[in-house]
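K.L.:
From the sequence below, what's the structure:
(chains A and B)
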Amino acid sequence: MSSKQAGGVPYTEFHPRWHRTRVSTFWWLGRWPYLKFILRELSSISVAYFVVLTLFQIGALVRGPQAYARWEQALRSPLLILLNFIAFAFVMFHTITWFNLTPKAMPLRVGGKKLPDALIAAPNYILWFLVSGIIAWLVLRT
Amino acid sequence: MQRQTNEPFFWVLFSGGGVVAAFFIPVHLFLFGFAIPLGWVAPPKYDALIALLQHPIARVYLFVLCSVPLFHWAHRFRYTLYDGLQIKHLNALIFSLCYGGAVVGTVVAGYLLWKI
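P.N.:
Residues are numbered from 1 along each chain as shown, chains lettered A, B, ... in the order given. Here you go, the predicted model:
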């Protein structure tokens, strides 16, 4: 066997060592776009938290008026209220970033001209306000 | 040949859950999370909420509200763990925990809403 392979690259017996610099676990703390990305991804924890909270609420409703009264009392704890404030902030971050992605996912052209991003995202916000209003009305009317 | 994967299926659940979460979760979390507990608005009566839940549309709505966003969470959280913490070698474990959790949540939601 010749010591040279076709193409003139010298043959080495061992696999070359990769040159890879180790990326820190906290690489996302360095720059705002990276941090924004991770915060957006972490908003999913608030989404899961909300579902767990809602399942407990439905469970209390199923068990009867006393159980639901206890649940309402539990929700007045300052710790849960603080947690819910934080979760709400993250969920809002999810909503806004999600709506603002629409122009990127679905760029629209009218008469050969690209529609401005804000115009494509706007229907999302309008629909969101309407839907939120209807749900709040359904829950709060008595 | 391109390898066949289930990735598109999970991605559809992810984006569907993202839409449901974006549109519906803020108002629920605002009302039940702190507006009602802090007394900003009058709390709905137990009977009124039960009456609302008697309606099939409300139950289907709550089922979707609880189920699909969990799959959204499973997808995002899985990749957050992969990328954020660089623990791709725990792939199978993380996958089972995330999607397993979403399936458990879906079953619990179905069971509770069936019982009302």
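K.L.:
for whichever residue of chain B sits closest to chain A, what are its contacts?
P.N.:
Nearest residue of chain B to chain A: B:G33, at 3.2 Å (C-beta to the nearest C-beta). Where C-beta positions appear, they are placed from N, C-alpha and C, glycine not excepted. Counting by C-beta atoms under 8 Å, 6 or more residues apart in numbering or on different chains, B:G33 touches A:L53, A:L75, A:I81, A:N84, A:F85, A:A87, A:F88.
K.L.:
Give me the buried subset of these.
P.N.:
A:L53, A:L75, A:N84, A:A87, A:F88 (16 or more other C-beta atoms under 10 Å in any protein chain shown).
K.L.:
ok, the residues you listed vs A:R109, which is closest?
P.N.:
Among these, A:F88 lies closest to A:R109 (C-beta to C-beta), at 36.4 Å.
K.L.:
On the three-state scheme, that closest one is what?
P.N.:
helix (DSSP: H, G, I helix; E, B strand; the rest coil).
K.L.:
surely it meets B:F32?
P.N.:
No. Applying C-beta atoms under 8 Å, one finds A:F88 not in contact with B:F32, separated by 10.7 Å.
K.L.:
rewinding a little: got a markdown table for the contacts of B:G33, with distance to chain B and pLDDT too?
P.N.:
Output for these, formatted as a markdown table (distance: C-beta to the nearest C-beta, whole Å; pLDDT from 0 to 100):
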| residue | distance to chain B | pLDDT |
| --- | --- | --- |
| A:L53 | 7 | 97 |
| A:L75 | 5 | 96 |
| A:I81 | 5 | 96 |
| A:N84 | 3 | 97 |
| A:F85 | 6 | 97 |
| A:A87 | 6 | 97 |
| A:F88 | 5 | 97 |
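K.L.:
which one of those residues sits closest to A:V23?
P.N.:
For the contacts of B:G33, the nearest to A:V23 is A:A87 (29.7 Å; C-beta to C-beta).
K.L.:
I'd assumed B:F32 was in contact with that closest one.
P.N.:
No. A:A87 is not in contact with B:F32 according to C-beta under 8 Å; the separation is 11.3 Å.
K.L.:
what packs against the helix or strand harbouring A:H94?
P.N.:
In this assignment (DSSP states H and E), A:H94 forms part of helix A:78-105. In this structure, helix A:78-105 makes packing contacts with helix A:32-63, helix A:117-140, helix B:7-28, judged by 3 or more C-beta pairs under 8 Å, 6 or more residues apart in numbering or on different chains; DSSP states H and E.
K.L.:
And it, what's buried?
P.N.:
Buried residues in helix A:78-105, counted by 16+ other C-beta under 10 Å: A:83-84, A:87-88, A:90-99, A:101-103.
K.L.:
who's in contact with the least confident helix or strand in chain A by mean pLDDT?
P.N.:
Within chain A, confidence by mean pLDDT, DSSP states H and E is lowest for strand A:109-110 among all helices and strands, at a mean of 80. Identification of contacts with strand A:109-110 by C-beta under 8 Å, 6+ apart yields A:L115.
K.L.:
partner strands of whatever helix or strand comes next after that strand, parallel or antiparallel?
P.N.:
Next helix or strand after strand A:109-110 toward the C-terminus (DSSP H and E): strand A:113-114. Strand pairing for strand A:113-114, using DSSP bridges, gives strand A:109-110 (antiparallel).
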